[in-house]
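# Take this sequence and fold it.
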Amino acid sequence: MNDKTESDDSASRPLDFIREMVADDVAKGRNEGRVVTRFPPEPNGYLHIGHAKAICIDFGIAREFGGHCNLRFDDTNPLREEQRYIDSIMEDVRWLGFSWKGPERYASDYFGQLHDWAVHLIEAGKAYVDDQAADEIRENRGTLTEPGKNSPFRDRPVDENLDLFRRMKEGEFPDGARVLRAKIDMAAANLNLRDPVIYRIMHTEHPKTGDAWCIYPMYDWAHGQSDAIEGVTHSLCDIDFENHRPLYDWFIENLPVPHRPRQTEFARGNITHMITSKRKLLRLIEGGHVSGWDDPRMPTLKGLRRRGYTPGAIRAFWEEVGVAKRENLVEIALLEHKLRDELNRTSERRMAVLDPLKIVLTNYPVNQVEEFDALNNPEDAAAGTRKVPFSRELFIERDDFMEDPPRKFYRLAPGREVRLRWAYLITCDEAVKDERGEITELRCTYDPATKGGDAPDGRRVKATLHWVSAKHAARAEVRLYNHLFLSEDPEADGDFVADLNPDSVKVVPEAMVEPTLADANPGDRVQFERLGYFCADTDSTKDHLVFNRTVTLRDSWTRARKQQKQKQKQKKGRRGPG
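Numbering: from 1, shown residues only. Purely as a prediction, here's the structure:
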């Protein structure tokens, strides 16, 4: 796959602080004018919408400046890593429209060199083996206001440290018995510089290296050195790593690395009504609040893809948000706006009825069937047309009819004429009810002279309804998704589970859809006219169609929430000061 994407309009994009830095480096000939970045995910979970921002920055900047981006898995903790995560991450990066140079890389590719550099630090008197337990190390680390305490093993002779580290590597000691620490400064203001652990003992088989190692490097040790080995020029990280940069630089300055990369941080991507902590997302799964990592309500790329989100909309969203140094909370409405904009241009239209109410056209021939030409996408002439069958019995949406309509209700009512999309003008003559008074059927008549939806006498109607032919319709399960959380910031009050939206999904078990939708494949995106944008789910089969609502046609959520807040404000005002 080529890194060039539809959203590549870098020539007209204003430079953010990272692009300005890279442009300056290129202009001054730093790194011989090369630009090499990397995307370094841990293979212990699935990527989410926040990772997509990092992907767009890492891969996008490299592409814009004629460089390349490496995909490197930080596989330094074999207890949590699985091949399924590696496969999923590669799939997600490609799905977003990016590719990496050469094969994927792994921190484990460099375990031998990382070990040798650890020996180099020991020989230079800048690392030592510590026998303290993890709790002791943590306790003696100090606080933001109090310096740490030196380990009683900090001044071990170099030869003893080399011998102990060799024996750690050879598997002589049990897990947790000893660690290797860098010797920096236990009184440093930055806690990351207080003799950080760089190796720990883990008698665990590694997915790639098997049982070759029983000591594994910490992320901070592996990260910068892997960058240096790969010739990375710009190590771009989220803001969480800002306090780690002095340690990143200390390692680079104290090792004989072949290249000196530079780390720069940017603000993370936080979006309203979402959480992106893998630990908290796992809690939702284990609590049965969602069906899994690919639940269409989840912010994972797997979930968003299943819901019907497009890579182009996600790229356009992060491009619009831009790259900043300070974190903020971005409105999900912007993401949905970018999504609607793309889907409006690219999705074919179809008619579907979610809450069917039968219409019988009493003056239409009983066995007659017509086919009408319907535009697939009025935004794209090249999309062409399709044939839509029409017959005596039809389905319309139940809420498109009212027996006693209020003012400004322009849809179907007794004695009123409306247009059926692409077909005829019809008039409602009678509403048939069951013994409970529920309307079960409408008796209507059609005007044969209005074929195509226009009256030869020029009369106008105020409503156009979508419909499906009863004898040709396909049944489908439709899942109507809303935001997973009620609040803009679900974590503001601590208990994000309490903020779950009880109406985050509503299942319509027997919707009626156009017969052409019977051939939809999982992942196919369409607009259900007047209803929203939908995607065929991975559960969908020829015998059981399933469609997920990707997003509504309009931002009804924000409007409804604003109205609710306004009502609460007015109610509070009426109560007066309390």
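# residues near the closest residue to Ala313 other than its chain neighbours, how many?
Excluding its sequence neighbours, the residue lying closest to Ala313 (Cβ to Cβ, 6 or more residues apart in numbering) is Leu339, at 4.1 Å. Yep, even glycine has a C-beta here, placed from its N, CA and C like the rest. Leu339: 23 surrounding residues under other Cβ atoms under 10 Å.
# Then Val26?
18.
# Show residues contacting the helix or strand in which it is found.
If you go by DSSP states H and E, Val26 is part of helix 17-27. For helix 17-27, the surrounding residues in contact (Cβ atoms under 8 Å, 6 or more residues apart in numbering) are 13, 15, 31, 33, 35, 57, 61, 64-65, 233-234, 236, 264, 266, 323, 325.
# filter the residues you listed to the buried ones?
Asn31, Val35, Ile57, Ile61, Glu64, Phe65, Thr233, His234, Leu236, Thr264, Phe266, Val323 (16 or more other Cβ atoms under 10 Å).
# what bits of the protein have low per-residue confidence?
Applying pLDDT under 70 to the chain flags residues 1-13, 556-565, 568-578.
# Give me the outermost residue of this protein relative to its centroid.
Asp457 (52.4 Å; Cα atoms, centre = their mean).
# on that earlier part again, mind putting the buried ones among the contacts of helix 17-27 in a markdown table, distance to Ala520 and secondary structure included?
Below are the buried ones among the contacts of helix 17-27 laid out as a markdown table (distance: Cβ to Cβ, whole Å; DSSP: H, G, I helix; E, B strand; the rest coil):
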| residue | distance to Ala520 | secondary structure |
| --- | --- | --- |
| Asn31 | 49 | helix |
| Val35 | 42 | coil |
| Ile57 | 35 | helix |
| Ile61 | 37 | helix |
| Glu64 | 37 | helix |
| Phe65 | 41 | coil |
| Thr233 | 46 | coil |
| His234 | 43 | strand |
| Leu236 | 39 | strand |
| Thr264 | 45 | strand |
| Phe266 | 39 | strand |
| Val323 | 38 | coil |
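# and the residues you listed as JSON lines, adding distance to Asp493?
Listed next are those as JSON lines, based on distance: Cβ to Cβ, whole Å:
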{"residue": "Asn31", "distance to Asp493": "47"}
{"residue": "Val35", "distance to Asp493": "43"}
{"residue": "Ile57", "distance to Asp493": "31"}
{"residue": "Ile61", "distance to Asp493": "37"}
{"residue": "Glu64", "distance to Asp493": "41"}
{"residue": "Phe65", "distance to Asp493": "43"}
{"residue": "Thr233", "distance to Asp493": "43"}
{"residue": "His234", "distance to Asp493": "38"}
{"residue": "Leu236", "distance to Asp493": "33"}
{"residue": "Thr264", "distance to Asp493": "34"}
{"residue": "Phe266", "distance to Asp493": "28"}
{"residue": "Val323", "distance to Asp493": "30"}
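# Looking at the residues you listed, which is nearest Thr550?
Of all these, Thr550 sits closest to Ile57, with 25.3 Å by Cβ to Cβ.
# Next up, the contacts around that closest one.
Counted by Cβ under 8 Å, 6+ apart, Ile57 has contacts Ile18, Leu236, Phe266, Trp318, Val323.
# right, and out of these, which lies closest to Phe485?
Distances from Phe485 to the contacts of Ile57, taken by Cβ to Cβ, are shortest for Trp318, at 20.8 Å.
# Count the neighbours of that closest one for me.
Neighbour number of Trp318 under other Cβ under 10 Å is 24.
# now do Ser291
Applying other Cβ under 10 Å, I find that Ser291 has 14 neighbouring residues.
# ditto for Asp524
Neighbours of Asp524 (other Cβ under 10 Å): 16.
# list the contacts for the spatially closest residue to it that is not a sequence neighbour?
With Cβ to Cβ, 6+ apart as the criterion, Asp524 has its nearest non-adjacent residue at 4.6 Å, and that residue is Ala536. Counting by Cβ under 8 Å, 6+ apart, Ala536 touches Ala520, Asn521, Pro522, Gly523, Asp524, Leu545, Val546, Phe547, Asn548.
# in stretch 327-334, what's buried?
Val330, Ile332.
# got the contact list for stretch 283-303?
45-52, 88, 92, 95-96, 271, 274-276, 281, 304-308, 479, 481, 483-484, 497, 500, 504-505, 537-538, 548.
# Burial check on Asn377, number of neighbours?
18.
# Check whether it sits in a helix, strand or coil.
coil (DSSP: H, G, I helix; E, B strand; the rest coil).
# circling back: buried subset of the contacts of stretch 283-303?
45-52, 88, 92, 95-96, 271, 274-276, 281, 304-308, 479, 481, 483-484, 500, 504-505, 537, 548.
# Mind checking which of those residues land in strands?
Counted as lying in strands by DSSP state E, out of the buried ones among the contacts of stretch 283-303, are Ile271, Arg479, Tyr481, Val505, Asn548.
# thought the third one was touching Asp503?
No: because the distance of 9.9 Å does not satisfy Cβ atoms under 8 Å, Tyr481 is recorded as not touching Asp503.
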